[in-house]
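Participant: below is the sequence, then the predicted model.
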Amino acid sequence: MGFAVDEKGEKMSKSRGNVIDPVPILEKYGADAFRFWAASETSLGSDFRCSEKRVEEASKFLTKLWNVTRFISAFPIPKEKPKLTATDEWILSEVNKLLDECMKGYDDFNFFIPANKVREFVWNLFAPHYIEMVKKRAYGEGFTKSEQLAAWYTLHQVLKSILLLLAPIVPFMTDFVWKRLYGKKSIHLQPFPKKFKVNDFTYLTEKLIEFNSQVWKEKKEKNLSLKDPISVEIPKELEPFTKDLVAMHNIT
């Protein structure tokens, strides 16, 4: 059994004066942020640290997710499944991996696992890499209509999966977004997402992240903006993603 401790790791008690009143924090950041903090901070049987700063960090993630949602909501949902590109299959295969990890946590009633796995996926993979890779394709800049539809389809499929996985932890925001984008019925009446039937490209994830980070670093060192053109060689392993990578980094 774990205990609530302060930022220094000391057990909270009135005598020490390190007890935090949750009401002002709830009023400031909202119930969803508080719930997400509680889930992402607390692993079964472990002590957990309490502070307004940590709740604020949870709130920042929900703001990030809200901004991602706003971006995706600008694109219509294709009526039929289009032919997916390798980039689309890559992120959907990463979603499949995420589903396995999150469902293991839910099966063990350990909300710490899905909360942190979803945050890591959104913050470190989906937003900085996939969304940036397909942004121009989603806007139809230099891509075919079929490729654009594939980006729209994939963006919405990934968002749906994220919302469904977070619904037990972040009930209000997920339900609001679901009803606005995907139907009038509550998200809490929906089953958990199922795996996508796609080719597994997860073995290229580390290489893809490494390449993108390297290009960003090189542009920064040369005092170039992210939109400026740059001449770099795309590794042979990443050739399936060439068109999206060229558009993303403005590779010449």
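Facilitator: That came in fine, so what should we check first? Residues are numbered from 1 along each chain as shown.

Participant: what ranges does the stretch 151-252 of the chain have for its helices?
Facilitator: With DSSP state H, counting those that start in this stretch as the definition, the stretch 151-252 of the chain shows helices at residue ranges 171-182, 205-221, 242-249.

Participant: quick one: contacts for the nearest residue to residue 155 once chain neighbours are set aside?
Facilitator: Among residues not flanking residue 155 along the chain, residue 72 sits closest, at 4.7 Å (C-beta to C-beta, 6 or more residues apart in numbering). To be clear about C-beta, it is placed using only N, CA and C from the backbone, and glycine gets the same treatment. Taking C-beta atoms under 8 Å, 6 or more residues apart in numbering as the definition of contact, the neighbours of residue 72 are 155-156, 159.

Participant: how about residue 118?
Facilitator: In this structure, residue 118 makes contact with 98, 102, 162, 165-166, judged by C-beta under 8 Å, 6+ apart.

Participant: for it, phi and psi?
Facilitator: According to degrees, to the nearest 10, the main-chain angles of residue 118 amount to phi -70, psi -40.

Participant: tell me who's in contact with the nearest residue to residue 186 once chain neighbours are set aside.
Facilitator: Leaving aside its sequence neighbours, residue 186 sits nearest to residue 175 (C-beta to C-beta, 6+ apart; 5.6 Å). Contacts for residue 175 were tallied using C-beta under 8 Å, 6+ apart; they are 167, 186-188.

Participant: hang on, the earlier thing: I'd like the contacts of residue 118 as a markdown table, with neighbour count and pLDDT appended.
Facilitator: As requested, those are exported to a markdown table (neighbours: other C-beta atoms under 10 Å; pLDDT from 0 to 100):
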| residue | neighbour count | pLDDT |
| --- | --- | --- |
| 98 | 23 | 98 |
| 102 | 24 | 97 |
| 162 | 22 | 98 |
| 165 | 26 | 98 |
| 166 | 25 | 98 |
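
Participant: any chance of the residues you listed in CSV, plus distance to residue 221?
Facilitator: CSV is the format used below for the contacts of residue 118 (distance: C-beta to C-beta, whole Å):
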residue, distance to residue 221
98, 33
102, 38
162, 34
165, 37
166, 37
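
Participant: now, those that are in strands?
Facilitator: Among the contacts of residue 118, none falls in strands (DSSP state E).

Participant: just the residues you listed now: which is nearest residue 56?
Facilitator: residue 166 (18.5 Å; C-beta to C-beta).

Participant: OK, contacts around that closest one?
Facilitator: Taking C-beta under 8 Å, 6+ apart, one finds 36, 65, 114-115, 118, 174 in contact with residue 166.

Participant: buried among the residues you listed? Make that a PyMOL selection.
Facilitator: Typed into PyMOL, the line below selects the buried ones among the contacts of residue 166, using 16 or more other C-beta atoms under 10 Å:
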select buried, resi 36+65+114+115+118+174
